[in-house]
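[1] Give me the fold of what follows.
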Amino acid sequence: MTTFAEELKTIEEKVKAHLSDGRFQHCLRVKDYAIKLAKENHLDEEQAALAGLVHDYAKERPAEDFLKVIDQFDLDPDLKNWNRSIWHGVVGAVMIREELGINDPAILDAVVNHTTGDGVAMSPLAKVVFMADYLETGRTFPGVEEARKITDQSLDAGVFYQLKHTLAFLADQGNPIYPKTVASYNEWARHFSSK
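    Predicted coordinates for the structure are as follows:
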């Protein structure tokens, strides 16, 4: 019988083979930060480790790979109007299931939602991966320490903080914003304004 540590090592090697060293190191840091957040929030640390490790598995794939999966698995055709920033989560989860054999719905959901959020109904594991990706120890953007402190106090408050700042950043850059991200922000804003 394979131990979790052995399974994780096997998956780690497969992830490493698909990513540049810098992206792979990011995935390892997200894995570690996801374990930290899972522990602090009394969640399954093994699920968090695996979800954190694989969250960017498809990040560096060519556009053609994503477009093929969108067609092959009858995903929302509107996805074709977006790019790798959205695809690597939403479409990447299918690649993870098909290529790595990870079938845990909670892990796949966390991968799908790690770039877009998913409103207040977001699963605890998805919140952990969403925040671990934003806060991992290699991140040095202005406000990261504040975001870490807020998240240490409340995972939900951390998610809302990230959504506010991500939307502001994307708007400042003049980039289109994926509708699910806007909807997620709106749900969290209503949630926090009603408290």
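[2] quick one: the helices in this protein?
    4-18, 21-40, 45-54, 63-72, 84-90, 92-95, 105-113, 124-135, 144-153, 155-173, 179-193 (DSSP state H).
[3] CA atoms of the first one as CSV?
    So that's helix 4-18. What follows is helix 4-18, C-alpha atoms only, in CSV (Å, rounded to 0.1, in the frame of the first residue of the first chain):
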residue,chain,number,x,y,z
PHE,A,4,0.6,9.6,1.2
ALA,A,5,4.2,10.7,1.3
GLU,A,6,5.1,8.3,-1.6
GLU,A,7,2.0,9.4,-3.5
LEU,A,8,2.9,13.1,-3.0
LYS,A,9,6.5,12.5,-4.2
THR,A,10,5.2,10.7,-7.4
ILE,A,11,2.8,13.6,-8.1
GLU,A,12,5.6,16.1,-7.4
GLU,A,13,7.9,14.5,-10.0
LYS,A,14,5.1,14.7,-12.6
VAL,A,15,4.3,18.3,-11.8
LYS,A,16,8.0,19.2,-12.0
ALA,A,17,8.3,17.6,-15.4
HIS,A,18,5.6,20.1,-16.8
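[4] got the buried residues for it?
    L8, I11, E12, V15, K16, H18 (16 or more other Cβ atoms under 10 Å). C-beta: built from backbone N, CA, C; applies to glycine.
[5] Are there helices or strands packed against it, and which ones?
    Helix 4-18 is packed against helix 21-40, helix 45-54, with contacts defined by 3 or more Cβ pairs under 8 Å, 6 or more residues apart in numbering; DSSP states H and E.
[6] and the angle from the shortest one to helix 4-18?
    So the one you mean is helix 45-54. Compare the direction of helix 45-54 with that of helix 4-18 by axes from the mean of the first three to the mean of the last three Cα atoms, to 10 degrees and you get 10 degrees.
[7] What's the mean pLDDT across helix 45-54?
    Summarised as a single mean, pLDDT over helix 45-54 is 99.
[8] ok, back up a step: would you convert the buried residues of helix 4-18 into CSV that also reports distance to S193 and pLDDT?
    Putting the buried residues of helix 4-18 into CSV (distance: Cβ to Cβ, whole Å; pLDDT from 0 to 100) gives the following:
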residue, distance to S193, pLDDT
L8, 40, 95
I11, 40, 97
E12, 42, 98
V15, 39, 98
K16, 43, 98
H18, 41, 96
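[9] closest to D78 among those residues?
    Closest approach between the buried residues of helix 4-18 and D78, by Cβ to Cβ: H18, at 25.8 Å.
[10] Please look at that closest one and Y57 and confirm they touch.
    Yes. H18 lies in contact with Y57 (Cβ atoms under 8 Å); the separation is 6.1 Å.
[11] on that earlier part again, with distance to D78 as added columns, please give the helices of the chain in CSV.
    Listed next are the helices of the chain as CSV, based on distance: least, Cβ to Cβ, whole Å:
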stretch, distance to D78
helix 4-18, 26
helix 21-40, 26
helix 45-54, 25
helix 63-72, 10
helix 84-90, 10
helix 92-95, 16
helix 105-113, 15
helix 124-135, 21
helix 144-153, 30
helix 155-173, 18
helix 179-193, 8
